[in-house]
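Engineer: coords please:
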Amino acid sequence: MTSTAQAPKSGAGTAHPDHLGHVIFIAAAAAMGGFLFGYDSSVINGAVEAIRDRYDVGSAALAQVIAIALIGCAVGAATAGRIADRIGRIRCMQIAAVLFTISAVGSALPFALWDLAFWRVVGGFAIGMASVIGPAYIAEVAPPAYRGRLGSFQQAAIVVGIAISQLVNWGLLNAAGGDQRGELMGLEAWQVMLGVMVVPAVLYGLLSFAIPESPRFLISVGKHERAREILTEVEGRNVDLDARVAEIEHGMKSEHKSSFKDLLGGSFFFKPIVWIGIGLSVFQQFVGINVAFYYSSTLWQSVGVDPADSFFYSFTTSIINIVGTVIAMIFVDRVGRKPLALIGSVGMVIGLALEAWAFSFDLVDGKLPATQGWIALIAAHVFVLFFALSWGVVVWVFLGEMFPNKIRAAALGVAAAAQWIANWAITASFPSLADWNLSGTYVIYTVFAALSIPFVLKYVKETKGKALEEMG
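Structural biologist: Okay, the predicted model is just below:
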């Protein structure tokens, strides 16, 4: 329940920091966790075939090594909030940076397949922490007037991280003569690909020492003077600091701590609105988007594309992902969430259906026929573009807005967990499905993209322009 007492007005809503560049630096440093999220998620793309060859494993075992990081992601995301509330946002970032570093070194120097899988889980835990702590910290430090734009740094950093990982993989593969197992710096090329993440991981850790703790956390542990200093630093000298601290304290006291039992009700265990959130999360993953980032180089090689070219195509796909994300950021508040989702679904159906058609042709001398090969390549980029400009961004916006205040935190947690589970299901199943029938696999993804259209039309309500208090 919300308290009826009103905190004094501080003027923070219209305040402008004295040094905006410094505030941008703080947000960018925090978003470095998002960069590592994207980088670590997709860097494995460059090592899939080499791991298969070195350890002589089948598709099912290989898929588990690739997908097992997602188990760590789920645990990291579930625990990051509590860790941050106990020891602070900055300490949480530093723990994630250490885990990213350990994971990079361990993954680059594995003894066997089992310990490679273990280091993947460690990296996944760091990804899960970064996925929670980055947006939360930026929201708490950003001046209200700039919160939306600075908050978008996290998603932008994720897609840039994906693109850079593909570019690095491509460069290292060329340096190794086009052989994923070719020698580089005394290691095989794929090991160097996984180890390079040490650089951004260490940078993330160093940057965490250069940015301030969240004023909200400092107030929660009674460090009011330090909180005032940081509020002056990020919101400017014209803010009434006493009133601002009172606003934050008032907001913290009036928050309802939602629990799992608040979500129960209705005919099918959860309340209908929770099922809609779960549905959005599942559809976002079941169109097969992560196949494009975890397995794209393997996919292109399986239809006869040269390894170096396959890595280059993976990089161009990542650039398209960035372009689509920028389009979504520009139009999500202008066009609305629901229209963007529908436009994206239609575009994804077209792209996926064309891929399914192209992959249905028999290989000639180990390659797709020229026409089908080009159509498959173009269709893959069309699919990623339409996903990025719609479901890639819109689902997270919906999940942050659509739930009533009373259940928002708990419902968002359940929907996010559903997303990690769906992500794992697609990632773990793709190699075996592709071995069975690559075209049929893309037909399955096409069906889910098509089903997302009536789901959005019937069940999802537009949240554009509505106050969070209006959601019910």
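Engineer: and G222, which of the three is it?
Structural biologist: coil (DSSP: H, G, I helix; E, B strand; the rest coil).
Engineer: change the start of the numbering to 14 and stick with it
Structural biologist: Let's use 14 as the start, then, which means that last one is G235.
Engineer: Contacts for stretch 445-461 next, please.
Structural biologist: For stretch 445-461, the external contacting residues (Cβ atoms under 8 Å, 6 or more residues apart in numbering) are 72-73, 76, 296, 299-301, 304, 308, 312, 315-316, 362, 365-366, 368-370, 372-373, 443. Any C-beta I mention is one placed from the backbone N, CA and C, and that applies to glycine too.
Engineer: Also stretch 419-439?
Structural biologist: Contacts of stretch 419-439 (Cβ under 8 Å, 6+ apart): 80, 83-84, 86-87, 90-91, 141, 269-273, 275-276, 283-284, 286-287, 290-291, 293-295, 297-299, 301, 303-304, 412-413, 416, 481.
Engineer: before we move on, what about stretch 356-364?
Structural biologist: If you take Cβ under 8 Å, 6+ apart as the criterion, stretch 356-364 is touched by 300, 392-400, 402-404, 407, 459, 462-463, 465-466, 469.
Engineer: continuing past the helix or strand of the chain with the lowest mean pLDDT, what's the next helix or strand?
Structural biologist: The helix or strand of the chain with the lowest confidence, counting by mean pLDDT, DSSP states H and E, is strand 277-281 at a mean of 69. Next along the chain after strand 277-281, taking DSSP states H and E as the criterion, comes strand 283.
Engineer: what about the stretch 114-263 of the chain, any weak spots by pLDDT?
Structural biologist: Scanning the stretch 114-263 of the chain with the threshold set as pLDDT under 70 gives 161.
Engineer: residue ranges of the helices in it, please?
Structural biologist: Assigned by DSSP state H, counting those that start in this stretch, the helices in the stretch 114-263 of the chain fall at 126-154, 160-164, 166-188, 202-208, 211-221, 228-233, 237-248, 254-267.
Engineer: Report the buried residues of the fifth one.
Structural biologist: Of the residues in helix 211-221, those scored as buried under the neighbour-count criterion (16 or more other Cβ atoms under 10 Å) are 211, 213-214, 217-218, 220-221.
Engineer: Out of these, which is nearest to T384?
Structural biologist: P213 (40.3 Å; Cβ to Cβ).
Engineer: And that closest one, how far from G199?
Structural biologist: As judged by Cβ to Cβ, to the nearest Å, P213 and G199 stand 22 Å apart.
Engineer: and what of I243?
Structural biologist: For I243, the distance to G199 equals 46 Å [Cβ to Cβ].
Engineer: Between these two, point out the one with more neighbours.
Structural biologist: Comparing I243 with G199 by other Cβ atoms under 10 Å, the one with more neighbours is I243, at 19 against 7.
Engineer: Surely that one touches I232?
Structural biologist: No. Assessed by Cβ atoms under 8 Å, I243 is found out of contact with I232, at 10.1 Å.
Engineer: Poorly predicted segments of the stretch 314-463 of the chain, please.
Structural biologist: 418, 422.
Engineer: any idea where the strands of it begin and end?
Structural biologist: Using DSSP state E, counting those that start in this stretch, the stretch 314-463 of the chain contains no strands.
Engineer: can you map out the helices along it?
Structural biologist: Going by DSSP H, counting those that start in this stretch, the stretch 314-463 of the chain shows helices at 320-344, 350-372, 383-401, 404-414, 421-472.
Engineer: ok, and for the first one, which residues are buried?
Structural biologist: Residues of helix 320-344 classed as buried by neighbour count (16+ other Cβ under 10 Å): 320, 323-342, 344.
Engineer: could you say what helices and strands that helix packs with?
Structural biologist: Other elements packing on helix 320-344 under the criterion 3 or more Cβ pairs under 8 Å, 6 or more residues apart in numbering; DSSP states H and E are helix 166-188, helix 302-307, helix 309-315, helix 383-401, helix 404-414.
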